[in-house]
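>>> build me a structure from this.
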Amino acid sequence: MSELEIRPMRTPQEKNIFLTFPWRIYAGDTLWVPPLLPERRKTIDPQRGVFFQRGEAEFFIAWRGRQPVGTICCAEDKASHQAHPWKDALIGFFECLEDYTIARLLFDHAVEWASRRGLHALYGPFNLDYEDSYGVLIDGRNRPPAIFCGHTPEYYQRFFERYGFQPGRGQNLAYAIDVDLTTPEARRMSRLAERIRQRGRFQIRSANLDYWEDEIERVYQLINRALAHLPGHIPWQREALEALLTPFRNIIDPDLVLFAETAQGETVGWFPGLPNLNETLIRVNGLRYPWNYLQLLWHSRRQPECLSIKSVLVPPEYWDTGVAVLLFDEMGRRASARGYKWLDLSLTSDDNPRTPILAEHMGARVYKRYQIYRKWLNHPPEVINP
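Take a look at the predicted model:
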């Protein structure tokens with residue numbers, strides 16, 4: 001058997017091998033949603049990828065002879081260094097055959113890469129974007145993931161933990177809830193929301209796409225205030241937020257992207273509902289071949305059954321005011337009116353003190369769990385245990 005080696009991605013042919021390698025891992029896996037190759041090409045391109053405005057990344061392929069057997073990306077997000085006393089090396093695009101020696105080679109290389117740059121830990125997996133394929137799937141293999149959520153083989157968890165990775169934060173949870181306004185939970189939420197409305201302190205409005213830049217700015221001003229309490233929170237950069245949201249500008253229903261405002265006009269809540277495009281993308285093979293675009297046109301004609309809600313942003317000073325209750329109640333009403341069958345609430349950390357409790361009070365149930373890992377390198381305890 002040929003020896004294993006790892007080499008950087010350099011040529012256009014190697015880039016294509018790197019990007020299409022997941023098709024080898026997930027062949028026959030009916031839950032896998034292939035990534036859109038045009039978007040992936042943009043993501044890893046230093047001239048076009050948003051990540052490269054704040055950091056650097058390199059991409060590597062593991063080979064056994066002439067056969068690719070694994071991939072990994074090693075990256076440094078320099079903007080994140082201000083978030084905590086240590087410096088992480090992000091790892092992502094991790095894929096490998098079910099052979100631990102391949103995973104060990106990839107992880108060893110990442111350790112060397114990080115050590116040469118004076119970084120303190122490996123952290124991930126993320127595919128450069130913290131919202132893209134977040135973590136390793138550790139539970140929930142009975143339905144495909146919703147938009148922005150990932151899917152990994154069962155053995156990835158074993159490989160990470162065998163190498164010495166430990167949970168980098170709490171598990172991230174995806175909740176599912178049926179759109180049914182007649183359940184006891186929905187009726188209780190509706191009664192509570194009506195009492196809050198009568199006080200007249202807050203109002204809910206739809207997004208105004210005619211003022212897109214202004215709406216982006218409102219979200220940006222809100223997002224770090226609302227998430228700063230989470231352990232290990234890395235502040236959002238405005239360009240990253242805009243790059244994440246802009247592709248949806250022409251497909252979102254503005255009446256399903258909700259803002260909460262005070263009577264004085266201050267934005268104190270954001271609750272975006274996106275059609276779960278993965279119900280379409282799972283059928284179009286990542287647009288790998290020209291005929292896949294025809295499949296996209298055909299399947300895009302059908303509205304997804306799932307509305308995916310990716311965030312509920314309410315600053316801590318408004319947690320106990322009923323803002324979140326108003327947002328949840330209004331979203332339920334509007335999603336029901338538009339014929340959605342169920343809501344995906346993803347992802348929220350189980351160390352988030354609010355969102356899991358609110359979701360469970362609505363009758364939501366966890367249907368997927370993901371884990372982000374960290375592995376410390378050899379650095380002084382005062383650095384790695386601040």
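>>> C-alpha from now on. contacts and neighbour counts both.
Fine.
>>> distance of Glu185 from Val312?
From Glu185 across to Val312, the span is 19 Å (Cα to Cα, to the nearest Å).
>>> which one's more surrounded, those two?
Val312 (22 against 15; other Cα atoms under 10 Å).
>>> pLDDT value on Ser336, please?
What the model reports as pLDDT for Ser336 is 97.
>>> check Ile234 too.
Looking at Ile234, its pLDDT is 76.
>>> could you do Arg116 as well?
For Arg116, the pLDDT comes out at 96.
>>> repeat for His361
Note on His361: pLDDT of 77.
>>> ditto for Leu230
71.
>>> how close does the residue nearest to it when sequence neighbours are not counted sit to Leu173?
Of all residues not flanking Leu230 in the chain, Asn352 sits nearest, at 6.3 Å (Cα to Cα, 6 or more residues apart in numbering). Distance of Asn352 to Leu173, computed by Cα to Cα: 10 Å.
>>> higher neighbour count, the two?
Neighbour tally, Asn352 and Leu173, criterion other Cα under 10 Å: the higher count belongs to Leu173, 22 against 15.
>>> these two touch, right, the more buried one and Thr348?
Yes: between Leu173 and Thr348 there is a contact under Cα atoms under 8 Å: 5.3 Å.
>>> pretty sure Gly118 sits in a helix.
No: under DSSP: H, G, I helix; E, B strand; the rest coil, Gly118 sits outside any helix and is assigned coil.
>>> look up how far Arg187 lies from it.
Taking Cα to Cα, one finds Gly118 at 55 Å from Arg187.
>>> name the spans of the stretch 151-300 of the chain whose pLDDT lies under the cut-off.
Within the stretch 151-300 of the chain, the set of residues satisfying pLDDT under 70 comprises 231-232.
>>> which residues in it form strands?
Ranges of strands within the stretch 151-300 of the chain are 166-167, 172-178, 202-206, 257-262, 267-275, based on DSSP state E, counting those that start in this stretch.
>>> quick one: these as a markdown table, columns for distance to Pro22 too.
Below are the strands of the stretch 151-300 of the chain laid out as a markdown table (distance: least, Cα to Cα, whole Å):
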| stretch | distance to Pro22 |
| --- | --- |
| strand 166-167 | 24 |
| strand 172-178 | 23 |
| strand 202-206 | 38 |
| strand 257-262 | 33 |
| strand 267-275 | 25 |
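>>> just those: most buried one?
strand 267-275 (a mean of 24; mean count of other Cα atoms under 10 Å).
>>> so which elements touch that strand?
Taking 3 or more Cα pairs under 8 Å, 6 or more residues apart in numbering; DSSP states H and E as contact, the helices and strands that strand 267-275 lies on are helix 212-227, strand 257-262, strand 306-309, helix 323-337.
>>> need phi/psi at Tyr26.
Dihedral angles of Tyr26 (phi, psi; degrees, to the nearest 10) stand at phi -100, psi 10.
>>> what residues are up against the residue nearest to it when sequence neighbours are not counted?
Excluding the flanking residues, the one nearest Tyr26 by Cα to Cα, 6+ apart is Trp32, at 6.6 Å. When contacts are counted by Cα atoms under 8 Å, 6 or more residues apart in numbering, Trp32 touches 26, 144-145, 151, 282.
>>> will you turn those residues into CSV that also has neighbour count and distance to Ala57?
Shown next, in CSV, are the contacts of Trp32 (neighbours: other Cα atoms under 10 Å; distance: Cα to Cα, whole Å):
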residue, neighbour count, distance to Ala57
Tyr26, 18, 25
Pro144, 19, 29
Pro145, 25, 26
His151, 24, 23
Ile282, 18, 28
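>>> turn those into a markdown table, columns for distance to Thr11.
Shown next, in a markdown table, are these (distance: Cα to Cα, whole Å):
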| residue | distance to Thr11 |
| --- | --- |
| Tyr26 | 24 |
| Pro144 | 33 |
| Pro145 | 32 |
| His151 | 28 |
| Ile282 | 29 |
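>>> what's the most distant pair in those residues?
Maximum pairwise distance in those, criterion Cα to Cα, is 13.9 Å, between Tyr26 and Pro145.
>>> for the residue most central in space within the chain, helix, strand, or coil?
For the chain, the residue nearest the mean C-alpha position is Glu131 (2.8 Å; Cα atoms, centre = their mean). Secondary structure, three-state DSSP: Glu131 is coil.
>>> pretty sure it contacts Phe148?
Yes: using Cα under 8 Å, Glu131 is in contact with Phe148, at 6.3 Å.
>>> what touches both of these two?
Shared contacts of Glu131 and Phe148, defined by Cα under 8 Å, 6+ apart, are absent.
>>> quick one: end-to-end distance for stretch 336-351.
One end of stretch 336-351 to the other measures 30 Å (Cα to Cα).
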